[in-house]
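Engineer: Pasting the sequence and the predicted coordinates here, then a few questions.
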Amino acid sequence: MNVMCFQARPCKQLWVGGVSHAVAMEDLEAEFRKFGKVEDFKFFRDRRTACVEFLNLDDATRAMKVMNGKRLGGGHIYVDFLRSQSTNRVSFF
């Protein structure tokens, strides 16, 4: 079963993809701070992605809706709720 075919559940953490090499980490973080208190921000330039964690769900939801598809640094970014690994793993210990 392909996990990516399901819509991500709303959460305080966002995944940001398609970040142009022309976009500085500080500028990208500033764009997301406009929506509320950012608890954690990680930028992975080599993967052209970032992870943004907001203090509350409403700010994360608003940021995801507004920022998804936004043009930054000559390209469009893609924003979605962060998909985590399944917590329903079977333990054999």
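Structural biologist: That came in fine, so what should we check first? All values reported here derive from a predicted model rather than from experimental measurement.
Engineer: tell me the phi and psi of the residue nearest the centre of the chain?
Structural biologist: Taking Cα atoms, centre = their mean, the centroid of the chain lies closest to Trp15, which sits 2.0 Å from it. For Trp15, the backbone dihedrals (degrees, to the nearest 10) come out as phi -100, psi 130.
Engineer: what about it, distance to Val79?
Structural biologist: 7 Å (Cβ to Cβ, to the nearest Å). For the C-beta atoms, the positions are set from N, CA and C on the backbone; glycine is no exception.
Engineer: what pairs with the residue nearest to the centre of the chain across the strands?
Structural biologist: Bridge pairing for Trp15 (DSSP bridges) gives the partners Cys51, Asp80.
Engineer: what sits against it?
Structural biologist: Contact analysis of Trp15 by Cβ atoms under 8 Å, 6 or more residues apart in numbering lists 49-51, 79-83.
Engineer: for this protein, what spans make up the helices?
Structural biologist: Using DSSP state H, the helices found in the chain span residues 25-33, 57-67.
Engineer: and those as a markdown table, adding distance to Gln7?
Structural biologist: As requested, these are exported to a markdown table (distance: least, Cβ to Cβ, whole Å):
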| stretch | distance to Gln7 |
| --- | --- |
| helix 25-33 | 21 |
| helix 57-67 | 12 |
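Engineer: just those: most buried one?
Structural biologist: Neighbour counts (mean count of other Cβ atoms under 10 Å) averaged over each of the helices of the chain peak at helix 57-67, with a mean of 17.
Engineer: Can I get that one in PDB, CA atoms only?
Structural biologist: The C-alpha coordinates for helix 57-67 follow below in PDB (Å, rounded to 0.1, in the frame of the first residue of the first chain):
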ATOM      1  CA  LEU A  57      -2.000  23.800  14.500                       C
ATOM      2  CA  ASP A  58      -4.000  26.800  13.200                       C
ATOM      3  CA  ASP A  59      -0.900  28.700  12.200                       C
ATOM      4  CA  ALA A  60       0.500  25.600  10.500                       C
ATOM      5  CA  THR A  61      -2.700  25.000   8.600                       C
ATOM      6  CA  ARG A  62      -2.900  28.600   7.500                       C
ATOM      7  CA  ALA A  63       0.700  28.600   6.400                       C
ATOM      8  CA  MET A  64       0.300  25.300   4.400                       C
ATOM      9  CA  LYS A  65      -2.800  26.700   2.600                       C
ATOM     10  CA  VAL A  66      -1.200  30.000   1.700                       C
ATOM     11  CA  MET A  67       2.400  28.900   1.000                       C
END
